[in-house]
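A.B. asks: Dropping the sequence and predicted coords here.
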Protein chains: 2
Amino acid sequence: MSNGSLEVMQNVSANLRLARQQQGYSQERLAELAGISRRMLVNIEAGESNASIATVDKLASALGMSFAEVVRPPPLADKELGLPLRIWQGVQDDSHGSLLESVLKPGMTLELWRWQLAAGDSYHAEADAPGCHEVLYMLDGQLELLLPQQQQRHVLQAGQSLTFALDQVYSYHNPGLVVCAFTKSILMYPHA
Amino acid sequence: MSNGSLEVMQNVSANLRLARQQQGYSQERLAELAGISRRMLVNIEAGESNASIATVDKLASALGMSFAEVVRPPPLADKELGLPLRIWQGVQDDSHGSLLESVLKPGMTLELWRWQLAAGDSYHAEADAPGCHEVLYMLDGQLELLLPQQQQRHVLQAGQSLTFALDQVYSYHNPGLVVCAFTKSILMYPHA
DNA sequence: ATAACAAGTGCATTATATTGCACTTATCCC
DNA sequence: GGGATAAGTGCAATATAATGCACTTGTTAT
């Protein structure tokens, strides 16, 4: 039992219920997928249970989420496309649900972009000037980064970040089934 | 019981043991501080127990850590596969529903943070060194930024961004009814 | 050598997470 | 109306997390 006062469990119940509803599962179906009883899921969603790590992990997996995602404080609710954005520079939009926009005025030593790539979408970029570095921070979903010159391929998850030099070709790809979102910072001055 | 195969519990045991030793606590002392039995702590550190959320949370608190910190993969996950490329799993620090997460390793000329402020929560900061600039980009909710030295007050909405110099006091406040989230970039110019 | 402390083990006991089932309530559809 | 699905409740039964204690092992210090 245990009262629902534990903050972490409150996060768990809120996140689970939201994710379950967004994916269109009933409690019974999700419990079945996770391999736990529906009774337990009811308790967890109601915040009336102090679940074990394993139980929460089963539910996270069944929903395609990481444990950290389920445990973290309230979700970035309206993740879907079309949230109000103030745009400083032109928007390049490639029709099927992807979105590229510059968050900052151009001409600074820092560029800041917010990107969304639709499921399955890709983007290829040529090499930029030496001394430029990119900082990528995943907000939602998954992103696959390809660096052919280094024969490297990385899959980034929400919450992870990655830094690399921009004097090489690279390409993005969204391997997931849902739209992914990330911020892309470009540092313009030379740096060790 | 449960075998020690669950990845999250492996993280928990490794992180707890490391933090406990770094802070110079014996198992008995930590168990006492956390309000759990020493036997349980032994099991958890040995990875032989599928602990409950509440138990892990008690231990995290006793060590001055956040739940997320205890659950995250060990810091060695700092995988440096290729030299110019770094993946970094953010370090979180959440208290009473707000969340401050360092997205990048410290020590770069660019810092990148992800913040969440609980509804009604505030944060006050003293003046930083000249030459530092902040770029704030709202992801969700509302944020009120106060710059008392300039007698300015700005309310930012999701999608908006704002830049200001850090050589002055400033404070954040979440005036909304829901949690707000934003990224906070700090640019550190070597000079000027 | 003895004492003292920290860490690990085995096991019976207790507390509680988890299950299963029967039931209610509400909504939607034919 | 009746039938179907989804969500929530109460309660006994079971599995297991969590406790307490006695014990071993290893280390350090006097």
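C.D. replies: Yep, that arrived.
A.B. asks: did I read that right, residue A:9 in a helix?
C.D. replies: Yes - residue state for residue A:9 (DSSP: H, G, I helix; E, B strand; the rest coil) corresponds to a helix.
A.B. asks: Just give the number of residues close to it.
C.D. replies: Residue A:9 has 24 neighbours, counted by other Cβ atoms under 10 Å in any protein chain shown. C-beta: built from backbone N, CA, C; applies to glycine.
A.B. asks: show me the contacts for it.
C.D. replies: A:44, A:47, A:49, A:50, A:51, B:53, B:54 (Cβ atoms under 8 Å, 6 or more residues apart in numbering or on different chains).
A.B. asks: Reformat those as TSV; add secondary structure and distance to residue B:112.
C.D. replies: Converted to TSV, the contacts of residue A:9 look like this (DSSP: H, G, I helix; E, B strand; the rest coil; distance: Cβ to Cβ, whole Å):
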residue	secondary structure	distance to residue B:112
A:44	helix	33
A:47	coil	33
A:49	coil	36
A:50	coil	35
A:51	coil	33
B:53	helix	29
B:54	helix	33
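A.B. asks: can you tell me which of the residues you listed are up against DNA strand D?
C.D. replies: Restricting the contacts of residue A:9 to those near DNA strand D by Cβ under 7 Å from any atom of the strand leaves residue B:54.
A.B. asks: Give me the nearest residue to the residue nearest the centre of chain A, chain neighbours excluded.
C.D. replies: With distances taken as Cα atoms, centre = their mean, the residue of chain A nearest its centroid is residue A:140 (1.5 Å). With Cβ to Cβ, 6 or more residues apart in numbering or on different chains as the criterion, residue A:140 has its nearest non-adjacent residue at 4.4 Å, and that residue is residue A:181.
A.B. asks: Confirm the one you found sits in a strand?
C.D. replies: Yes - assessed with three-state DSSP, residue A:181 lies in a strand.
A.B. asks: one step back: quick one, which of the contacts of residue A:9 are buried?
C.D. replies: Buried residues within these, counting neighbours by 16 or more other Cβ atoms under 10 Å in any protein chain shown: A:44, A:47, A:49, A:50, A:51, B:53, B:54.
A.B. asks: Leaving out the residues flanking it, which one is nearest to the third one?
C.D. replies: Yep, that's residue A:49 we're talking about. residue A:43 (3.7 Å).
A.B. asks: Where do the helices of chain A begin and end?
C.D. replies: Applying DSSP state H to chain A gives helices spanning A:7-22, A:27-34, A:38-45, A:53-62, A:67-71.
A.B. asks: So the longest one, near DNA strand C or not?
C.D. replies: Pointing back at helix A:7-22 there. No - applying Cβ under 7 Å from any atom of the strand, one finds helix A:7-22 separated from DNA strand C by no less than 9.9 Å.
A.B. asks: okay, the angle between that helix and helix A:27-34?
C.D. replies: 110 degrees (axes from the mean of the first three to the mean of the last three Cα atoms, to 10 degrees).
A.B. asks: Next, count neighbours for residue A:39.
C.D. replies: Neighbour tally, residue A:39, other Cβ under 10 Å: 11.
A.B. asks: Give me the distance between it and DNA strand C.
C.D. replies: In this view, residue A:39 and DNA strand C are 4 Å apart by Cβ to the nearest atom of the strand, to the nearest Å.
A.B. asks: Report the contact partners of that residue.
C.D. replies: Listed by Cβ under 8 Å, 6+ apart, the contact set of residue A:39 is empty.
A.B. asks: Can you name the residues of chain A sitting close to DNA strand C?
C.D. replies: So chain A meets DNA strand C at A:1-2, A:35-37, A:39-40, A:43-44, A:49-52, A:54-55 (Cβ under 7 Å from any atom of the strand).
A.B. asks: what do you get if the cut-off is 6 Å, keeping everything else the same?
C.D. replies: Contact residues (Cβ under 6 Å from any atom of the strand) of chain A with DNA strand C: A:1, A:2, A:36, A:37, A:39, A:40, A:49, A:50, A:51, A:52, A:55.
A.B. asks: now the strands for chain A?
C.D. replies: Ranges of strands in chain A, per DSSP state E, are A:99-102, A:110-117, A:122-125, A:133-140, A:142-147, A:152-157, A:160-165, A:170-173, A:180-187.
A.B. asks: Parallel or antiparallel, list what pairs with the second one.
C.D. replies: Just to be clear, that refers to strand A:110-117. Using DSSP bridges, the strands paired with strand A:110-117 in its sheet are strand A:99-102 (antiparallel), strand A:180-187 (antiparallel).
A.B. asks: Tell me the gap between that strand and the middle of its chain.
C.D. replies: 14 Å (Cα atoms, centre = their mean, to the nearest Å).
A.B. asks: Where does the record place the domain boundaries for chain A?
C.D. replies: Domain ranges of chain A: A:7-71, A:99-187, per automatic domain parsing.
A.B. asks: any idea which of these scores lowest on pLDDT?
C.D. replies: Note on these: domain A:99-187 shows the lowest mean pLDDT, a mean of 77.
A.B. asks: And that domain, how far out from the chain middle?
C.D. replies: That offset, for domain A:99-187, works out to 13 Å (Cα atoms, centre = their mean).
A.B. asks: Need phi/psi at residue A:37.
C.D. replies: According to degrees, to the nearest 10, the main-chain angles of residue A:37 amount to phi -80, psi 150.
A.B. asks: hang on, it packs against residue A:30?
C.D. replies: No - between residue A:37 and residue A:30 there is no contact under Cβ atoms under 8 Å: 11.3 Å.
A.B. asks: The two: who's more crowded?
C.D. replies: For the pair residue A:37 and residue A:30, the greater number of neighbours falls to residue A:30 (21 against 13), based on other Cβ under 10 Å.
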